[in-house]
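*Asks:* got a structure for you, letters missing:
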């Protein structure tokens, strides 16, 4: 009995996402046209606990009786392709030589240090000293650590009540560290920032969840998201039971963000009874790598103001700009330049220690700057933060360091600058090399990575390959990526995990493998691609 | 127009929680008898965005159009009383002498290092070395750090792929660290533990949220929680839209947990159409401090098995047991001792680096051990973990250290043992002193703190005090705690934040102020209490 119920629920869910995929080729959210009654139906028919609560043979939890929003949520960056990669890695360990490659190359995720990027020395010195302050006064410390890292550690410890780096902080983060971050934002933008608007978080993701939790009341609340998008957004919207309202980036204009497209999708959703609450913009773009022009940003700000939308600005790649003609401008700076203050627009800016030149993913540091909300609504955001007590203090410290790195004259400045420039310039070269390589492949076109850490090439797959994928119940781009992985050990994420125009296929590659490895990667990739095309060309 | 709407929504929400409070004197969850239609009504009538989306004067987000679950959620440990305390602290800073005390004494939260507890040296040494591994080989390191901390840091770095402590890990946590934790659990329980069952988390709270997210589909899903309870549970259930099904701990038997009470509440909820999914047990108890007897735990396991409930075992105070006749037993050990394996009972055990003798709250480390779930359901839990990428690596490392501290023969063992015993024995003495003090106050009775970090005394408030509280629209225990704070600077949390039998009043105090301060605290408290009673005695 139970098995049948579970299967029928699976079918419902699968059919549901299939229907959605056919609408906009993206399977990971509640679309406006899907039935709001289905989820209720799911738990009505499929509840073995309710049906036989005291039966000893019924497990308490099955796929048929968990929260259907969890079932619907997808997160491609760590999805099926990564599971296959982990299995292959295990096989390489237990039977070396069992595959035509020696190691798995994880190009699926923006995780620089996992591919050999070294941390910025100054940041790690300060973290180590804050973790174990008793060594600060020792003579050995003076020879092991730079003088400005010692000075900075003292300064930070003085900002933390009782110098207790092992205590919960204020739920928005240590006040002194928020002061430092606010000063860093002011220096970046030329406009004031208020430490009371800063919420320090474990990476940027919890801040995104918090805002979705605040804004989404039901599937009738919509969030405008770019397609392609970083799947954290679709996952968070699905988990909170809202509706992802897609807007398409224009691949033919370098992944341009067009306000006319925003307006079109907004109006269409409103006509369906969706209340659109917010607009997500990722700048520099993930997975698309474009850097928005300032006048484009102005139009976006005007649009949000006009339409009463919260602007959720994912600005975690603000340090990752690789082309001389583009520059990062924060949306807050753009809004303030237009003369718009707190009363005019609600704006949340996300920053993370995981990206930039620092790439400190494992430290889980980040913040959101929340402006344009009333005091009473901010109290509610504070309450959400307080339920989880606070973010980790080392991540908080690191967030203050990335917003206030060594300055000219500091002992560490030279080495810090050399490390930073070395990383950013190398990333720019790697982006160029990979972009050129993708564009040289038959049927592949690739926009430039102006910023961020990714390329998102488009691939024209032969009809025979599409058929072969369908026979395996796979999306064609997933089929390509799995074949690539099996042949070369290289992990790309299929475009279907990010969303794409129906009938087009893409994949996302990071630009993060160490520079000296790139030529060999390109060679492996090119060889695979040629043989794949030879196999499936009509 | 908007203002009226917001006010009417506030009234609805306030009335709603008042109604609930009158049912079981606890305002922080959706109770079985509350209307499931109210939340729908809320967003139907109160949506200024939908009503006037393009009006420039309408803020995008108001109390009237946020997620009503957020409005309903309460978290007393950082609630109103703490806001008042923070204001007083600010006033003491700007105008010293403005209050009859010099500092705020935060006894509201289990945050040992904020009150002066020192971290365990060995743990901090290892963390500092893992933060900045380049110093590991230096001759200075050998004189600054213990040899076993250097050895342990090497061992941990070898467990982390590429030694990259700045990389995202596996979403369940670094495999090698999970191996260490599993070995620690085995050594504690005498039964096997599987590293694949361990999910490392930023403190214990995210693991609690994850299970609530998995299990709760609607307000018709219930979670059995102790009353009094740690308000993370009520907050998480409210945020996920479920129903808290209360069971009362018996104050007259030292906060005894009676299976007959569980059964009574379970049956009553089922009769109302609630599907009860899980039972939360906090052992040692928070805020109540009791340590469950092993035969009581056996009965609880049998109950969950019989009724098909997931057992959510909050075991974060497992190191905090202060009375010789009691001992901590994990629920997994109890279940396995009864012969019950993965097929018989679904069990989640929470552990945290924030509590115990380590008290490393700011590090946000913890784990949940998830047993008795099918592979496909565990895949869904993994997916939830993967949406947030991973928990912070320093917290992961620390979680492995607390489950595998220095052993006899290690260089650090003596100092580690002395630090640990010093803290635990002092906590036991502080608990006794405070318990005796509370019991000496007129109208106050206090059970023993057998474990955890709290006392939860009951207070018989004079009729006049209850009337005075009502006039201010405060719960009587909140009124008492606010008066105490204003007179002495001591912060206790009112019992109404944890739930209590209707008509009874309590407060929670931690046992964490440094031992030498306790006599002065008791003196201030006693003096205040006498004058409070003198003022309000009939």
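*Replies:* Yes, it's here. Computed from a predicted model, the values in this text were never measured in an experiment.

*Asks:* before we move on, what SS does the spatially most central residue of chain A have?
*Replies:* Closest residue to the average C-alpha location of chain A: residue A:230 at 5.0 Å, with C-alpha atoms, centre = their mean. Here residue A:230 takes the coil state, with states given by DSSP: H, G, I helix; E, B strand; the rest coil.

*Asks:* can you tell me the closest non-neighbouring residue to it?
*Replies:* residue A:286 (4.5 Å; C-beta to C-beta, 6 or more residues apart in numbering or on different chains). Every C-beta, even on glycine, is put in place using the N, C-alpha and C of the backbone.

*Asks:* cool, residue A:478 as well?
*Replies:* Using C-beta to C-beta, 6+ apart, the closest residue to residue A:478 is residue A:494 (4.1 Å).

*Asks:* list the contacts of that neighbour.
*Replies:* A:76, A:81, A:475, A:477-478, A:480-481, A:505-507 (C-beta atoms under 8 Å, 6 or more residues apart in numbering or on different chains).

*Asks:* now intersect these with the helices, please.
*Replies:* Counting by DSSP state H, the contacts of residue A:494 place A:81, A:477-478, A:480-481 in helices.

*Asks:* of those residues, closest to chain B?
*Replies:* residue A:81 (12.5 Å; C-beta to the nearest C-beta).

*Asks:* burial count for that closest one?
*Replies:* Residues contacting residue A:81 under the criterion other C-beta atoms under 10 Å in any protein chain shown number 22.

*Asks:* okay but it is in contact with residue A:480, surely?
*Replies:* No. Using C-beta atoms under 8 Å, residue A:81 makes no contact with residue A:480, being 10.8 Å away.

*Asks:* next up, phi/psi of the residue nearest to residue A:478, please.
*Replies:* Dihedral angles phi and psi of residue A:494 (degrees, to the nearest 10) take the values phi -60, psi 140.

*Asks:* same question, residue A:369
*Replies:* phi -100, psi 120.

*Asks:* before we move on, what about residue A:275?
*Replies:* phi -90, psi 110.

*Asks:* how much space separates it from chain B?
*Replies:* Taking C-beta to the nearest C-beta, to the nearest Å as the measure, residue A:275 and chain B are separated by 5 Å.

*Asks:* and that residue, what are its bridge partners?
*Replies:* Taking DSSP bridges as the rule, residue A:275 bridges to residue A:221.

*Asks:* so what are the domain limits for chain A?
*Replies:* A:68-104+A:415-537, A:121-403 (the TED database).

*Asks:* a markdown table please, covering the ones you listed and showing mean pLDDT.
*Replies:* Below are these laid out as a markdown table (pLDDT from 0 to 100):
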| stretch | mean pLDDT |
| --- | --- |
| domain A:68-104+A:415-537 | 94 |
| domain A:121-403 | 96 |
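
*Asks:* most tightly surrounded among those?
*Replies:* domain A:121-403 (a mean of 22; mean count of other C-beta atoms under 10 Å in any protein chain shown).

*Asks:* picking that back up, any chance of the domains of chain A in CSV, plus distance to residue B:125?
*Replies:* Formatted as CSV, these follow (distance: least, C-beta to C-beta, whole Å):
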stretch, distance to residue B:125
domain A:68-104+A:415-537, 25
domain A:121-403, 6
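
*Asks:* looking at those, which is closest to residue B:277?
*Replies:* For the domains of chain A, the distance to residue B:277 is smallest for domain A:68-104+A:415-537, at 13.3 Å, taking C-beta to C-beta.

*Asks:* name the element residue A:277 belongs to?
*Replies:* strand A:275-282 (DSSP states H and E).

*Asks:* for that strand, packing partners?
*Replies:* helix A:205-215, strand A:221-227, helix A:259-271, helix A:294-307, strand A:310-314, helix B:48-51 (3 or more C-beta pairs under 8 Å, 6 or more residues apart in numbering or on different chains; DSSP states H and E).

*Asks:* contact residues of the stretch 351-500 of chain A facing chain B?
*Replies:* A:354, A:359-364, A:372-374, A:376-377, A:380, A:383-384, A:386-395 (C-beta under 8 Å from any C-beta of the partner chain).

*Asks:* could you rerun that using 7 Å?
*Replies:* Those residues of the stretch 351-500 of chain A that sit near chain B, judged by C-beta under 7 Å from any C-beta of the partner chain, are A:359-364, A:373-374, A:376-377, A:380, A:383-384, A:386-389, A:391-395.

*Asks:* filter these down to the ones in helices?
*Replies:* A:376-377, A:380, A:383-384, A:386-387, A:393-395.

*Asks:* closest to residue B:295 out of the residues you listed?
*Replies:* The closest of these, once distances to residue B:295 are taken by C-beta to C-beta, is residue A:387, at 34.6 Å.

*Asks:* quick one: contacts for the closest one?
*Replies:* B:73, B:75, B:232, B:235 (C-beta atoms under 7 Å, 6 or more residues apart in numbering or on different chains).

*Asks:* from these, which is closest to residue B:530?
*Replies:* residue B:75 (32.0 Å).

*Asks:* does that closest one really touch residue A:383, like I thought?
*Replies:* Yes. Assessed by C-beta atoms under 7 Å, residue B:75 is found in contact with residue A:383 at 6.3 Å.

*Asks:* give the residues shared as contacts by these two.
*Replies:* Joint contacts of residue B:75 and residue A:383 (C-beta under 7 Å, 6+ apart) do not exist.

*Asks:* OK, contacts around the residue nearest to residue A:460 when sequence neighbours are not counted?
*Replies:* Leaving out its chain neighbours, the residue that sits closest to residue A:460 by C-beta to C-beta, 6+ apart is residue A:443, at 3.9 Å. If you count contacts by C-beta under 7 Å, 6+ apart, residue A:443 has them with A:459-460, A:533.

*Asks:* how far off centre is stretch A:162-170?
*Replies:* On the basis of C-alpha atoms, centre = their mean, to the nearest Å, stretch A:162-170 is displaced by 29 Å from the centre of the chain it belongs to.

*Asks:* in chain A, spot the helix with the most residues.
*Replies:* Per DSSP H, chain A has its longest helix at helix A:413-439.

*Asks:* all strands for the stretch 401-538 of chain A, in order.
*Replies:* Here the stretch 401-538 of chain A has its strands, by DSSP state E, counting those that start in this stretch, at A:444-445, A:454-455, A:458-459, A:490-491, A:493-494, A:507-510.

*Asks:* residues from the stretch 101-250 of chain A in reach of chain B?
*Replies:* A:109, A:111, A:113-114, A:116, A:119, A:124-125, A:127-128, A:131-132, A:135, A:138, A:140, A:143-144, A:161-162, A:164-169, A:171, A:202-203, A:205-206, A:213-218, A:232, A:235, A:239.

*Asks:* repeat the analysis, applying 6 Å as the threshold.
*Replies:* Within the stretch 101-250 of chain A, the positions lying close to chain B (C-beta under 6 Å from any C-beta of the partner chain) are A:111, A:113-114, A:119, A:124-125, A:127-128, A:131-132, A:135, A:140, A:143-144, A:164-168, A:202, A:205, A:214, A:217, A:235.

*Asks:* got a list of what the residue nearest to residue A:310 when sequence neighbours are not counted touches?
*Replies:* Using C-beta to C-beta, 6+ apart and skipping the chain neighbours, the partner closest in space to residue A:310 is residue A:278 (3.9 Å). Applying C-beta atoms under 6 Å, 6 or more residues apart in numbering or on different chains to residue A:278 gives the contacts A:215, A:223, A:309-310, A:312.

*Asks:* one step back: what's opposite the residue nearest to residue A:478 in the beta bridge?
*Replies:* Here residue A:494, judged by DSSP bridges, has bridge partners residue A:507.

*Asks:* how far away is it from residue A:528?
*Replies:* 15 Å (C-beta to C-beta, to the nearest Å).
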